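1. A structural model of the following input is requested.
(chains A and B)
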Amino acid sequence: MDKIGLYLGCLIPTEQYAYEMALREVLPDLGIELVDVEGVACCGAPLRHINLSLTMYLSARNMAIFEKEGLDILAPCPYCHQALSEAKHVMENNPALKAKINSNLETEGLTYKGTIKHYHVLDLLHDVIGIDNIKEHVEEPLDANIAAHYGCHLIRPNDIPRPDDSENPQKLETLLKTIGAKSDYYKEKLDCCGAHIMVNESESALTKTGQKLQAVEEQGFDALTTLCPWGHRMFDAKQEDAAKVVGGSIDVPVLYYLQLLGIAMGKDQNTLGLTLNLSPTDKLSFIEEEI
Amino acid sequence: MSIIDLTSMAEPEGEQQDKINEILKTLKEDIPNDCYQCGKCTSGCEAFILLELEPHKVMALSKSGFIDELLNSDVIWTCVTCLKCKERCPQDLAPVDVIFALKNIAVASGKQIDTGISNMLQSVLGSGYIQQPKEVVDKDNKAVTRDSLGLPSLPAPKEIQKLQQVLMKAATETLG
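-> Residues are numbered from 1 along each chain as shown, chains lettered A, B, ... in the order given. Predicted coordinates for the structure are as follows:
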């Protein structure tokens, strides 16, 4: 693979800019050309509360646009990735529904055939680019014990194809080891970040965020790494709010895995969006003081 | 008042049950008939301790037809969609999808929903996205934008009216 269509969804390109900066900076060095595609919109996952048909239509619509361009998709947001996976799976198994969605797509001059694949950063790095290839690019191995947070939608449900195992995912730990870091097991690893109910039950949402961060801190991790803009927003930008809700202080550096990878590859840290992480990343020895 | 208290006064509603099944059929999910109340979903539910969501009770009530009680209860809006219930159900059922179906029916029947959720729909209808690019602050409290960070402009639907029109139509269609 050399070219892949970049599908950022809603949250990454409207506020989680660090994730976008890091992936635009790092992936081309690993041989992946990212192509921006016009006309795309929301994946529909956030509208699933309201109407499943909207979710299905929007996911199919985005896939149809990339298919028209002849590009596979990189969806770095697990929530988007799961919505695309589900729509693809449902349409593969239900031709009548596929026909119905296609008749609506026609209004926008689109058709969904189902000929392209979509990836998340996790499987793109681990399965496509490959561990050996990444290892060759590591110039400054990171000396730290980093807790892994996958994001619920990245690994579940397992009746549709997901990038890693639903109960015992290990690819992120492998990727952390590849850049020199340690990633111990912790029993809260698969705990939810709470993001999904932030809009209507913010105190409970922040309690979940705070509890997971406290667990990470108590077990002596140096940092937490994420693969999801929703989880990252909770653990990083909302860390102070979460600390207030659960009581006490929390001091956990939170970084996107691609930011860590970029640092290990010796990239100019200015290009990785590190000033946008609001958690105390400067505690880490490998973060430059003045960036 | 808990859901269980409410059901003591209720009559089962067959028609509402059909609506749930219609939505679940889209996903080729099974209706809750095969649920034998093992409680595995609730034991792993991420919203159980904090918000008292008990997916096995949602399943039991849906199976028995107490749909209005569920539609009128805030409990269906506490699901964090971690999907663990769907993952772990020994009967291959999907409480999370039943909860989503209930929310869809609540919306369709005009129940009041949180404005944060309805705002996302308005935003997608107006621009294609749940929100527009924001100005965010960095570590030094400096405001930055996509532009100032050198990121390309956000791709957008070419004809938003057309997308809006299709979405309005899709929303009224059953997919099953």
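
2. when you work out contacts or count neighbours from here on, use the C-alpha atoms and nothing else.
-> Fine.

3. most remote residue from chain B's center?
-> No residue in chain B sits farther from the centre than residue B:140, which is 37.5 Å out by C-alpha atoms, centre = their mean.

4. ok and the residue in chain A nearest chain B?
-> Closest approach between chain A and chain B, counting by C-alpha to the nearest C-alpha: residue A:14, at 3.6 Å.

5. hang on, that residue packs against residue B:132?
-> Yes - between residue A:14 and residue B:132 there is a contact at 5.8 Å, judged by C-alpha atoms under 8 Å.

6. more neighbours: the two, which one.
-> Neighbour count, other C-alpha atoms under 10 Å in any protein chain shown: between residue A:14 and residue B:132, residue A:14 has more, with 20 against 16.

7. where do the strands sit along chain A?
-> A:3-6, A:33-36, A:73-74, A:118-119, A:146-149, A:223-226, A:254-256 (DSSP state E).

8. residue contacts, residue A:111?
-> A:64, A:102, A:105 (C-alpha atoms under 8 Å, 6 or more residues apart in numbering or on different chains).

9. in ChimeraX, select just the buried ones from these.
-> Burial among these is assessed by 16 or more other C-alpha atoms under 10 Å in any protein chain shown; the matching ChimeraX selection reads:
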select /A:64,102,105
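
10. poorly predicted segments of chain B, please.
-> Across chain B, the ranges flagged by pLDDT under 70 are B:1-12, B:174-176.

11. indicate the residue of it located nearest to chain A.
-> For chain B, C-alpha to the nearest C-alpha, closest residue to chain A: residue B:133, 3.6 Å.

12. sorry, back to before: if you skip the residues just before and after it, what's nearest to the residue of chain A closest to chain B?
-> Of all residues not flanking residue A:14 in the chain, residue B:133 sits nearest, at 3.6 Å (C-alpha to C-alpha, 6 or more residues apart in numbering or on different chains).

13. show me the contacts for that neighbour.
-> With C-alpha under 8 Å, 6+ apart, residue B:133 has these contacts: A:13, A:14, A:15, B:145, B:146, B:154.

14. burial measure for residue A:68, as a count.
-> By the criterion of other C-alpha under 10 Å, residue A:68 has 13 neighbours.

15. same deal with the one 10 residues further on?
-> If you count neighbours by other C-alpha under 10 Å, residue A:78 ends up with 28.

16. am I right that it is in contact with residue A:154?
-> Yes - between residue A:78 and residue A:154 there is a contact under C-alpha under 8 Å: 4.7 Å.

17. what residues are up against residue 27?
-> I'll assume chain A. Counting by C-alpha under 8 Å, 6+ apart, residue A:27 touches A:33, A:34.

18. sorry, should have said chain B
-> Taking C-alpha under 8 Å, 6+ apart as the test, what residue B:27 contacts is residue A:90.

19. now do residue B:108
-> Residue B:108 is in contact with residue A:50, counting by C-alpha under 8 Å, 6+ apart.

20. please report how far the closest residue in space to residue B:31 that isn't next to it in sequence lies from residue B:117.
-> Distances taken as C-alpha to C-alpha, 6+ apart put residue B:21 closest to residue B:31, at 5.9 Å, once the chain neighbours are dropped. Remark: distance between residue B:21 and residue B:117 (C-alpha to C-alpha, to the nearest Å) = 24 Å.

21. likewise residue B:90?
-> If you go by C-alpha to C-alpha, the gap between residue B:90 and residue B:117 works out to 32 Å.

22. likewise for residue A:10?
-> 14 Å.

23. okay, those two: which has more neighbours?
-> The neighbour count for residue A:10 versus residue B:117, taken as other C-alpha under 10 Å, is higher for residue A:10 (25 against 16).
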